[in-house]
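S.K.: Sequence below, structure please.
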Amino acid sequence: MSSAEAITFNSFVRERVSRAEDVRLVVSLAAAIAVSDTLSLPQGKLLELEAYYSNNLIYRVETYFDALNEELIIDLDVARKVARSFWMIRAYAQQGYADKVILAKGTNTFIEKFLNVQMYLSEDIVTFLNTNSEVMAVVVNRIRPMVNKLASIEQP
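M.R.: Here you go, the predicted model:
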């Protein structure tokens with residue numbers, strides 16, 4: 001990512017996020033979601049998705065975050081957890097467990113319950129994403145080309 005891209009992106013985020021203390025979180029979440037979207041999913045059913053992620057994807061995640069963190073201010077702990085969580089949600093949905101149980105209780109939406117969002121993302125992150133869904137969608141869409149560029153460089 002070039003410095004010019006980073007400056008433009010940071011300005012874009014600051015125009016849309018009114019609270020200064022939320023800028024870092026928005027950038028961290030958007031980067032995590034975009035990075036997660038570039039990660040491959042396993043073929044066929046796996047009993048241990050966490051092991052697949054740790055053994056096959058964590059290096060790529062770290063490489064992307066290292067590159068992004070050179071130009072953007074990212075909370076790496078949050079970004080790592082959220083990237084893993086979004087990948088796990090995608091992988092869980094892809095696995096298509098016919099015997100999965102949907103937890104009925106709780107304040108989560110049906111889709112969140114169906115995808116086991118509460119199992120992978122903290123309630124604080126889910127609330128923040130839902131409360132700021134329009135801004136998050138715009139920022140994720142804006143950072144995706146930068147992450148995709150990193151992904152295309154990384155691929156053999």
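S.K.: got a list of contacts for the longest helix anywhere in the chain?
M.R.: Looking across the chain with DSSP state H, the single longest helix is helix 133-154. Where contact means Cβ atoms under 8 Å, 6 or more residues apart in numbering, the residues beyond helix 133-154 that reach it are 1, 5, 9, 12-13, 16-17, 26-27, 29-31, 33-35, 37-38, 60, 63-64, 67-68, 129. For glycine as for every other residue, the C-beta is placed from the backbone atoms N, C-alpha and C.
S.K.: likewise stretch 92-109?
M.R.: Under Cβ under 8 Å, 6+ apart, the answer for stretch 92-109 is 41, 45-46, 49, 113-118, 120, 126.
S.K.: For the residue nearest the centre of the chain, give its distance to Gln43.
M.R.: For the chain, Ile33 is the residue whose C-alpha lies nearest the centre (Cα atoms, centre = their mean; 2.1 Å). As judged by Cβ to Cβ, to the nearest Å, Ile33 and Gln43 stand 23 Å apart.
S.K.: just to revisit the earlier point, with respect to pLDDT, which of the contacts of stretch 92-109 ranks lowest?
M.R.: When the contacts of stretch 92-109 are compared by pLDDT, Leu46 scores lowest at 64.
S.K.: What segments of the protein are strands?
M.R.: For the chain, no strands are identified by DSSP state E.
S.K.: all helices for this protein, in order.
M.R.: Here the chain has its helices, by DSSP H, at 3-16, 20-38, 49-56, 58-69, 76-95, 110-114, 117-120, 123-131, 133-154.
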